[in-house]
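Participant: Generate coordinates for the sequence data below:
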Amino acid sequence: MAKEASFDIVSEINIEDVKNGMAVALKEIKNRFDFKGSIADIKLEKEKLLIVAEDDYKVEQVKDVLFAKLVKHGVPIKNIQFTKSEKALGGNARQYGELISGIDRDNTKKITTAIKNSNLKVKATIQEDKVRVSGKSRDDLQAVMALLKDLQLPIELQYTNYR
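Facilitator: Residues are numbered from 1 along each chain as shown. Sure thing, here's the model as predicted:
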């Protein structure tokens, strides 16, 4: 009897990578000519990013710099969802970005139904905020990974515990 192979589908953000990306982005912002003498700051409050700048345009520029640095540190940008910009003290603009870790119930259902509709000989089970896929053939597991890359989800998926 052949042993079953499996892997987990997760959606995680490493907070240390976010902190490192923020530090590099802040360093670049402090040295950029277009930010000289202006207010621009990025903070991490619990599981949320906070961007403060003089106006909405500067907030968008700070986000662009931050995204470039986070991508270099391997942070999935799809897993950061920003709220609408709001006014802060002193006429500044402020925007919060929520760091999403884990796959919510709606997305786990989308993933499992896509796997079941693919007619591959694999089994998908939901385990809290991740999905475990198991099957006898490693080729089928790799086909599931390819299938999920084409699936349009609002979060980025990672594949762990490939056995």
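
Participant: ok, Asn31 to Val65 distance?
Facilitator: Using Cβ to Cβ, to the nearest Å, we find Asn31 at a distance of 11 Å from Val65. From N, CA and C alone the C-beta is placed, and that goes for glycine too.

Participant: Helices of the protein, residue ranges please.
Facilitator: Counting by DSSP state H, one finds helices in the chain at the ranges 15-31, 56-72, 105-117, 138-150.

Participant: which one is the residue nearest the centre of the chain nearest to, not counting chain neighbours?
Facilitator: Most central in the chain under Cα atoms, centre = their mean is Asn79, positioned 2.5 Å from the mean C-alpha point. Counting by Cβ to Cβ, 6 or more residues apart in numbering, Asn79 lies nearest to Ile100, which is 4.6 Å off, once chain neighbours are set aside.

Participant: Likewise for Val71?
Facilitator: Ile77 (6.3 Å).

Participant: Now that the one you found has come up, it's in contact with Lys69, right?
Facilitator: No: Ile77 lies out of contact with Lys69 (Cβ atoms under 8 Å); the separation is 10.8 Å.

Participant: So for those two, which residue has more residues nearby?
Facilitator: Using other Cβ atoms under 10 Å, the more surrounded residue of Ile77 and Lys69 is Lys69, with 22 against 11.

Participant: contacting residues around the more buried one?
Facilitator: Gly21, Met22, Val24, Ala25, Glu28 (Cβ atoms under 8 Å, 6 or more residues apart in numbering).

Participant: Kindly recompute the last result at 7 Å.
Facilitator: When contacts are counted by Cβ atoms under 7 Å, 6 or more residues apart in numbering, Lys69 is found next to Gly21, Val24, Ala25.

Participant: Quick check: pLDDT value at the residue nearest to Asn79.
Facilitator: If you check Ile100, the pLDDT there is 91.

Participant: check contacts around it.
Facilitator: Asn79, Gln81, Ile155.

Participant: I appreciate the help and will end here.
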